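> Provided below are the primary sequence and the corresponding predicted coordinates.
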Amino acid sequence: MIGKLKVNNTLTKKKEVFEPLNPPHVGLYVCGPTVYSDVHLGNVRTFMSFDVIYRYLKFLGYKVRYVRNITDVGHLLDSGEDRISKKATLESLEPMEIVQKYTNDFHDVMATFNILCPDIEPTATGHLMEQLAMIDQLVDNGLAYESNGSVYFDIEKYNKENTYGKLSGRKIEDLLNQTRELDGQDDKKNPLDFALWKKAAPEHIMRWKTKWSDGFPGWHLECAVMSTKYLGKEFDIHGGGMDLQFPHHECEIAQSYGTYKKEPARYWLHTNMLTVNGQKMSKSLGNSFLPKQLISGDHELLSQGFSPMTIRFFMLQSHYASTLDFSNEALIAAQKGYFKMANGMRIIKKMEFAENTEATIDEKQKEQIEKFCDNCYYAMNDDFNTALTIGHLFNILKKINAIHTGQLSMAAIGKETFERMKSTFISFNEEVLGIKAEDSLPGGQLLDIILKEYQQAKEARNYDKVDELRSALKAGGIVVKDMKTGIDWAYEE
RNA sequence: GGUGCUGUGGCCGAGUGGCUAGGCAGAGGUCUGCAAAACCUCCUACAGCAGUUCGAAUCUGCUCAGCACCUCCA
């Protein structure tokens, strides 16, 4: 490995060297979606960011267990209705039909963007027993109490042995000063206490019979249960969107620590928001884009559609912890950049090192290329800086193109450097960043036949035919490249 | 109101005390039947003001602008 992996830990607010608890194993937990409606692009960004984190950890040789949950109960609206129940009522469907529908949709979207599946994808309803057991344990530990059929977590007691609010940098006193008036407050000892188990109102569909009441689990409980169940009482990385930091993740820590007396995750990573005109993309603001709208271009802010890989490329050109502003112009620029990269991948894959004992080694070029390769590791090691990594890949790409067009001799950099350049370029693009050639792009044998025709026309100096073929191909998104070394093609940028 | 974050060249976006990514757009050049592609070169910025420093876009302070989160049923 080149250098050490450092991650920005939002728990300590420091960039720290990443050291797994039980190397080579790494436990990674990410809060997944609540499956009550279509995922939008902001959601996609978060899961894509953790996809790259997952990929890079594996690339470094870690044996990663990646757990990402599906929330299928307990995530409520301001009105107190369960998001899934509400949708089920509206569409006259079973809650589980809603869950299935949007889980399927979620999986489709993930696959579209080449986001790998997690190793375990547990659901909240599938872990009710474990949730009940955790509540019992918390009650036994004196950190939870029953009130009117519901069970609440006792923040005041918890705070005697730990610090509630440390992840999000909040102080209990401040929180108390700005409590909102919400339904159900009367049952609680302290307004900051949160529900572990909630007694269901008569009209509530999703409900389970327990010793406390006919009810349902609190939203924060599932993640505490499922992360520790599959990754252990202590594990390596916990991630999620920044908007979950408070209160969701704060409550998770409280529950896990309250149950096991151990800090659950050693490193907390939070992804930043996707913005539109500087504002957070969110359903409630009505400024969210659905993946399919972006792909088809069916949106008033878009002049055209963009392919999934273009979107992936666009998102990875920023760092996961920065906000990323979404615009038509930025996407067009990203599209050109992506095609350039995709062309480079196609070229390098076909390229084989040709021995030439006559050639003299160009030490300067060789050194540069070696440095660019090292830089890819340094960039990813620096808190998964995909934007910087892409920059270095473009530097490598220049060398690849120069060799391809005969402007730089392959032999001049030597076999070793050539092979390293090739494998670094391909693996960082494909394995680490998950950038690949778009399935929908043209290519293959037919194209070769046409190009042969082109070449023959060219040799015969039949320039009318040459121009005709060239413009016909261009109309199909293919640009012909006449080089000293031969004829090739590229995706039009 | 509390807490935190951000402000980078025409645009997007990294970086974060001296070596000053990358992409897109623009200019010039090489190559070419003409082009395109590709390569080379150029355009060298860090909201404003003050301070610390030999040196700041990077640290400190203030100002301005913008954003995010603010529970327990988000």
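Cool, got the structure. As the structure is a prediction and not an experimental result, all values here were calculated from the model.
> select the longest helix from chain A.
As assigned by DSSP state H, the longest helix anywhere in chain A is helix A:328-350.
> helix or strand right after that one?
helix A:363-381 (DSSP states H and E).
> excluding covalently adjacent residues, which one is nearest to residue A:302?
residue A:328 (5.5 Å; Cβ to Cβ, 6 or more residues apart in numbering). Any C-beta I mention is one placed from the backbone N, CA and C, and that applies to glycine too.
> for the one you found, what are its contacts?
Residues near residue A:328 by Cβ atoms under 8 Å, 6 or more residues apart in numbering: A:301, A:302, A:303, A:304.
> if you set the cut-off to 7 Å instead, what comes out?
The neighbours of residue A:328, taking Cβ atoms under 7 Å, 6 or more residues apart in numbering as the test, are A:301, A:302, A:303.
> could you work out the end-to-end span of stretch A:294-306 for me?
Length of stretch A:294-306, first residue to last, Cα to Cα, to the nearest Å: 6 Å.
> contacting residues around that stretch?
Residues contacting stretch A:294-306 (Cβ under 7 Å, 6+ apart): A:41, A:289, A:293, A:307, A:308, A:311, A:328, A:331, A:335.
> Three-state assignment for the second one, please.
Per DSSP: H, G, I helix; E, B strand; the rest coil, the local secondary structure of residue A:289 is coil.
> and the nearest residue to it once chain neighbours are set aside, how far is that from RNA strand B?
Excluding the flanking residues, the one nearest residue A:289 by Cβ to Cβ, 6+ apart is residue A:41, at 4.8 Å. Taking Cβ to the nearest atom of the strand, to the nearest Å as the measure, residue A:41 falls 13 Å from RNA strand B.
> so who does residue A:41 touch?
Listed by Cβ under 7 Å, 6+ apart, the contact partners of residue A:41 are A:274, A:281, A:288, A:289, A:291, A:294.
> distance check, residue A:486 against RNA strand B.
11 Å.
> go on, residue A:260?
For residue A:260 relative to RNA strand B (Cβ to the nearest atom of the strand), the value is 21 Å.
> do the same with residue A:193
On the measure of Cβ to the nearest atom of the strand, residue A:193 and RNA strand B end up 5 Å apart.
> next, count neighbours for that residue.
Using other Cβ atoms under 10 Å, residue A:193 has 21 neighbouring residues.
> that one reaches residue A:150, doesn't it?
No - assessed by Cβ atoms under 7 Å, residue A:193 is found out of contact with residue A:150, at 10.1 Å.
> quick check: next helix or strand after the least confident helix or strand in chain A by mean pLDDT?
When each helix and strand of chain A is scored by mean pLDDT, DSSP states H and E, helix A:172-177 comes last, with a mean of 73. Remark: after helix A:172-177, the chain's next helix or strand is strand A:195-199, criterion DSSP H and E.
> that following strand - which strands sit beside it in the sheet, and in what orientation?
According to DSSP bridges, strand A:195-199 has the following sheet partners: strand A:150-153 (antiparallel), strand A:214-217 (antiparallel).
> of those, which is nearest residue A:253?
In terms of Cβ to Cβ, the element of the strands paired with strand A:195-199 nearest to residue A:253 is strand A:150-153, at 11.3 Å.
> low-confidence bits of the stretch 151-300 of chain A, can you list those?
Within the stretch 151-300 of chain A, the stretches with pLDDT under 70 are A:177-186.
> tell me which stretches of it form strands.
Applying DSSP state E, counting those that start in this stretch to the stretch 151-300 of chain A gives strands spanning A:195-199, A:208-209, A:214-217, A:235-241, A:265-271, A:274-276, A:279-280.
> re earlier: could I get the pLDDT score of the residue nearest to residue A:289?
pLDDT recorded at residue A:41 is 91.
> on that earlier part again, could you identify which of the strands paired with strand A:195-199 is most buried?
Greatest average neighbour count among these goes to strand A:150-153 (a mean of 25), per mean count of other Cβ atoms under 10 Å.
> got the contact list for that strand?
Residues contacting strand A:150-153 (Cβ under 7 Å, 6+ apart): A:135, A:138, A:143-145, A:187-188, A:193-199, A:212-213, A:215, A:254-255.
> wait, what's in contact with residue A:245?
Residue A:245 makes contact with A:10, A:167, A:168, A:270 under the criterion Cβ under 7 Å, 6+ apart.
> residues in contact with the second one?
Residue A:167 makes contacts with A:10, A:11, A:245, A:249, A:250, A:253, A:268, as judged by Cβ under 7 Å, 6+ apart.
> what is the burial count for residue A:12?
Neighbours around residue A:12, by other Cβ under 10 Å: 13.
> helix, strand or coil for it?
Here residue A:12 is recorded as coil under three-state DSSP.
> what's the answer for residue A:305, then?
coil.
> and the gap between it and RNA strand B?
According to Cβ to the nearest atom of the strand, residue A:305 and RNA strand B sit 17 Å apart.
> look up the closest residue to that residue, ignoring the ones flanking it.
residue A:297 (3.3 Å).
> using JSON lines, please lay out the contacts of residue A:41 together with distance to residue A:346 and neighbour count.
What follows is the contacts of residue A:41, written out as JSON lines (distance: Cβ to Cβ, whole Å; neighbours: other Cβ atoms under 10 Å):
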{"residue": "A:274", "distance to residue A:346": "30", "neighbour count": "24"}
{"residue": "A:281", "distance to residue A:346": "33", "neighbour count": "22"}
{"residue": "A:288", "distance to residue A:346": "34", "neighbour count": "19"}
{"residue": "A:289", "distance to residue A:346": "29", "neighbour count": "20"}
{"residue": "A:291", "distance to residue A:346": "26", "neighbour count": "21"}
{"residue": "A:294", "distance to residue A:346": "25", "neighbour count": "24"}
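> any idea which of those residues is closest to residue A:95?
So of the contacts of residue A:41, ranked by how close each gets to residue A:95 (Cβ to Cβ), first place is residue A:288, at 23.3 Å.
> ok, residue A:198 - contacts?
With contacts defined as Cβ under 7 Å, 6+ apart, the neighbours of residue A:198 are A:150, A:215, A:216, A:218.
> which of the residues you listed lies closest to residue A:161?
Nearest to residue A:161 among those is residue A:218, at 20.9 Å by Cβ to Cβ.
> look up how far RNA strand B lies from the closest residue to the closest one other than its chain neighbours.
Spatial nearest neighbour of residue A:218, chain neighbours left out: residue A:195 (4.1 Å); criterion: Cβ to Cβ, 6+ apart. Distance, residue A:195 to RNA strand B, using Cβ to the nearest atom of the strand: 2 Å.
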